[in-house]
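Trainee: dropping the sequence and predicted coords here.
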Amino acid sequence: MTSRLARRCLVGAGALLLTLVAAASARAQGMFYAEEVKDGRVYVFNIKDNWERFKASGETGTGLTRLNAGPNGETVYADNETALELYFFKHGIKDVVVRPAPTVQRIEWRDGKTRITLGNNFYMELSNRIQPRFTYEMPDDSVTLPGTEAAGDGKPSFRIRRAKLKFEGWFYKPTLEYEFQANWTDVVNTPAAQIVEDANIDWDISKKKAFRVRFGQFKAPFGRQQLTSSGSQQFVDRAIQDARLNDARETGLALWGTLLTNKIDWRVMASNGNGRSQVLNDNAKFLYTGRVMWQAIGNTRMNQWGSGALLTEGDLGDSVNGPLLALAGQFSNNDRHFATTGNDLKNTTWALDYTFKYKGFATVGEYGDRKSEPETGREFHDKGLLLQASYAFKAPGIPGASFWELAFRYAKVDPSSIVDNNDRDEIGGALNYYYNRHNLKIQADYRQLKDDAANSGRGTTTKEFRLQTQFIF
């Protein structure tokens, strides 16, 4: 009798232990267990709130259903895996409850971005970019700057040029990408919604990056310097021809992709044609843009809208596998007839550009020609040119991606072919120190802007010194 009693105690203790182990291994929310039979089905619960809701309303919520799993072939519903395990244990059923693999959750920081992975359905990169700047303006002797005493007096200023927050990544599957970027310094603009720079979704229909659809707000595919992020520039700002000729951010729809193993990058887009963060189109026409880039020498990644070695200025180790040369042609047509008075031109622009990188030497160039047709008046052309060259070398004694760089720029704009002596020229140089490429850098540039007589009644020459640091985190 004593041994029989001992065996019974051991069996009871073992059953209790197994129940505890099953519940603990399943990360149950407690030791609660309830079992109900309704309409020939068995309902088991490990979470008390679920059981009470079922008793009150008959609703089960999400859970697991096993057909013919009961001792007499009943269908069994369980509110989680633990409830099902406890039911099987209670009734001596030897079925195995397979638990889903735990969701992969990984957070890491690399090169200025916090990278978050949640299972197989979500990936996000979070980054902030800040550019504090000092500028010293030195106007022509005939020009008086606001806040100065006399013509020709210089003016120093501090400002935050850009302060951006960006989310990018994919959801559901890697072929469905998203992008959101805000620039906090634009909150004072009109409309205030211009704080939103990028907001779009991108679907790789081909699953091979050959044919993709991009919908929302982003940069129109026109102009190498415009497509190159302001965070990847060698000078503190883009050259004068960019604002004159290149389309910037637009709201619309684009088709794009890469072909021939990264040799051809093609993009076409239809958009409102009135800039970013606008509520409506301002006429019944669209801006149509298209661009084709050919990677003539080298083979580096091209399947990004505004980044990568071919859309980053300078050679900070980009040509480690050999020289890189890319050539591009682009087209833009923006019919603004019947839009805002004074901005009602029909503009048709053709442009060419290139980039070359090898062993620290880099050069970029752009040329554009735009035909403008006003609703009334004479047709005219305006043209813009940019040539930029640089040399970068590893910073001595500092490991990693640290470089010193010298850069030079010449840009020219002729704003109207029917007006003589109205050209504008920019010439300048830059000295840059990159602690970690463009992610953490200090830039200093000096430039001269020369306006011909038709711009001001007489020729003027303005000089400017700018010092800026950029940190991405």
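Mentor: Nice, I can see it.
Trainee: so where do the helices sit in this protein?
Mentor: Along the chain, counting by DSSP state H, helices occupy 2-25, 48-57, 81-90, 224-227, 240-245, 453-456.
Trainee: quick one, grab the pLDDT at Met302.
Mentor: As predicted, Met302 sits at a pLDDT of 83.
Trainee: got the contact list for it?
Mentor: By C-beta atoms under 8 Å, 6 or more residues apart in numbering, the residues touching Met302 are 258, 262, 265, 293, 295, 308, 310. The way it works is simple: take the backbone N, C-alpha and C, and place the C-beta from them, glycine included.
Trainee: what about the nearest residue to Arg99 once chain neighbours are set aside, how many neighbours?
Mentor: Spatial nearest neighbour of Arg99, chain neighbours left out: Glu81 (5.2 Å); criterion: C-beta to C-beta, 6 or more residues apart in numbering. Using other C-beta atoms under 10 Å, Glu81 is surrounded by 20 other residues.
Trainee: could you check how far Glu81 is from Phe88?
Mentor: Computed as C-beta to C-beta, to the nearest Å, the Glu81 to Phe88 distance reads 11 Å.
Trainee: who touches both of these two?
Mentor: Val97.
Trainee: touching stretch 44-55 from outside, list them.
Mentor: Under the contact criterion C-beta under 8 Å, 6+ apart, stretch 44-55 has outside partners 23, 26, 28-30, 32-36, 43, 59-61, 63, 76-80, 82-84, 86-87.
Trainee: my bad, stretch 388-401
Mentor: Counting by C-beta under 8 Å, 6+ apart, 234-235, 239, 313-317, 360-365, 402-410, 430, 433-437 sit against stretch 388-401.
Trainee: now with 7 Å?
Mentor: 234, 314-317, 360-364, 402-409, 436-437 (C-beta atoms under 7 Å, 6 or more residues apart in numbering).
Trainee: thinking again about what came up before, touching, the residue nearest to Arg99 and Val96? I think so.
Mentor: No - Glu81 is beyond contact range of Val96, at 10.7 Å (criterion: C-beta atoms under 7 Å).
Trainee: where does the prediction get shaky in the protein?
Mentor: Judged by pLDDT under 70, the chain has its weakly predicted residues at 1-30, 190, 341-342, 454-457.
Trainee: state the distance from Glu464 to Asp79.
Mentor: In terms of C-beta to C-beta, Glu464 sits 69 Å off from Asp79.
Trainee: I meant Glu36, not that one.
Mentor: 11 Å.
Trainee: from the chain's centroid, how far away is stretch 356-369?
Mentor: Relative to the centre of its chain, stretch 356-369 is centred 24 Å away, using C-alpha atoms, centre = their mean, to the nearest Å.
Trainee: repeat for stretch 36-56
Mentor: Per C-alpha atoms, centre = their mean, the displacement of stretch 36-56 from the mean C-alpha position of its chain is 48 Å.
Trainee: equivalent analysis for stretch 206-220, please.
Mentor: 13 Å.
Trainee: next, the buried residues of it.
Mentor: 209-212, 214, 216-220 (16 or more other C-beta atoms under 10 Å).
Trainee: next, give me the two most distant ones among these.
Mentor: Using C-beta to C-beta, those span at most 24.0 Å, a distance reached by Ala210 and Gln217.
Trainee: show me which residues of stretch 99-113 are buried.
Mentor: Buried, per 16+ other C-beta under 10 Å, within stretch 99-113: 112-113.
Trainee: hmm, who's touching it?
Mentor: Counting by C-beta under 7 Å, 6+ apart, 81, 114-119, 125-127, 439, 472-473 sit against stretch 99-113.
Trainee: out of everything not next to it in sequence, what's closest to Thr312?
Mentor: Ser232 (4.3 Å).
Trainee: that neighbour reaches Glu313, doesn't it?
Mentor: Yes - counting by C-beta under 7 Å, Glu313 is a contact partner of Ser232 at 5.9 Å.
Trainee: out of these two, which sits in the busier spot?
Mentor: Glu313 (25 against 18).
Trainee: ok, now which ones touch the more buried one?
Mentor: With C-beta under 7 Å, 6+ apart, Glu313 has these contacts: 228, 232-234, 362, 364.
Trainee: do you know how far the closest residue to it other than its chain neighbours is from Asp198?
Mentor: Using C-beta to C-beta, 6+ apart and skipping the chain neighbours, the partner closest in space to Glu313 is Gln234 (4.5 Å). Separation of Gln234 from Asp198 (C-beta to C-beta) stands at 22 Å.
Trainee: tell me which of the two has more neighbours.
Mentor: Gln234 (25 against 22).
Trainee: residue contacts, that one?
Mentor: Gln234 sits next to 313-314, 388, 390, 405, 407, 430, 432 when contact means C-beta under 7 Å, 6+ apart.
Trainee: higher neighbour count, Glu464 and Asp79?
Mentor: Each of Glu464 and Asp79 has its neighbours counted (other C-beta under 10 Å); Asp79 has more, 23 against 18.
Trainee: quick one on the thing from earlier: quick check on the contacts of stretch 99-113: which are buried?
Mentor: Buried among the contacts of stretch 99-113 by 16+ other C-beta under 10 Å: 81, 115-117, 125-127, 439, 472.
Trainee: out of those residues, who's nearest Arg244?
Mentor: Nearest to Arg244 among these: Ile472, at 28.5 Å, using C-beta to C-beta.
Trainee: would you quantify the distance from that closest one to Ala199?
Mentor: The gap separating Ile472 from Ala199 is 20 Å, by C-beta to C-beta.
Trainee: ok, now Gly290?
Mentor: Counting by C-beta to C-beta, the separation of Gly290 from Ala199 is 22 Å.
Trainee: got a list of contacts for stretch 326-341?
Mentor: 221-222, 224, 247, 273, 282-283, 285, 287-296, 310, 343-355, 375.
Trainee: bridged to the residue lying closest to Gly298 once chain neighbours are set aside, which residues?
Mentor: Nearest non-adjacent residue to Gly298, counting by C-beta to C-beta, 6+ apart: Leu324, 3.9 Å away. Note on Leu324: beta-bridge partners by DSSP bridges are Lys357.
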